[in-house]
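Chemist: model the following, please.
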Amino acid sequence: MSGIDSAALERLEALIGGDREALIELVDTFLEETVEILAAMRDAIATEDLAVLRRGAHSLKSSAQDFGADALATQAATLESRSATDWPPDAATAVQHLDEAFAGSRAALQRWLADQQA
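Modeler: Got it, this is the predicted structure:
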């Protein structure tokens, strides 16, 4: 599936005992929570809140990996690393890139969700 590593979704489904309905709920939750995390990160840009930026990047890295959103996970890992001790000078651009990566991941996961309803 373009934009998502479908093997990651299969691994996640196996971890939860093969429960497809539970996986669908997890994907929905991931999509909703990622919107909230990105909004908090955009707010953190205005106040240069390093803790919120770093925590958001860490959360996105971990959850994106679980759901096969590899581009999002990679960019989040890079931002997490770069914000480990100091405010990254290009934080706003990095968060914009996360938004763009999430747009692609969201579209792919929404297609996957639609396929589950068919």
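Chemist: now do the same for Gln117: its pLDDT.
Modeler: Gln117 carries a pLDDT value of 81.
Chemist: again, but for Phe67
Modeler: 96.
Chemist: and Ile4, how many neighbours does it have?
Modeler: Neighbourhood size, Ile4 [other Cβ atoms under 10 Å]: 24. For glycine as for every other residue, the C-beta is placed from the backbone atoms N, C-alpha and C.
Chemist: check Met41 too.
Modeler: For Met41, using other Cβ under 10 Å, the count is 26.
Chemist: where's it, which helix or strand?
Modeler: Assigned by DSSP states H and E, Met41 falls within helix 20-47.
Chemist: tell me the helices and strands packed up against whichever helix or strand comes after that helix.
Modeler: Next helix or strand after helix 20-47 toward the C-terminus (DSSP H and E): helix 50-66. Other elements packing on helix 50-66 under the criterion 3 or more Cβ pairs under 8 Å, 6 or more residues apart in numbering; DSSP states H and E are helix 6-15, helix 20-47, helix 70-82, helix 91-117.
Chemist: nearest spatial neighbour of Ala8, skipping sequence neighbours?
Modeler: Using Cβ to Cβ, 6 or more residues apart in numbering and skipping residues adjacent in sequence, the residue nearest Ala8 is Gly68, 3.1 Å away.
Chemist: what kind of secondary structure is the one you found in?
Modeler: coil (DSSP: H, G, I helix; E, B strand; the rest coil).
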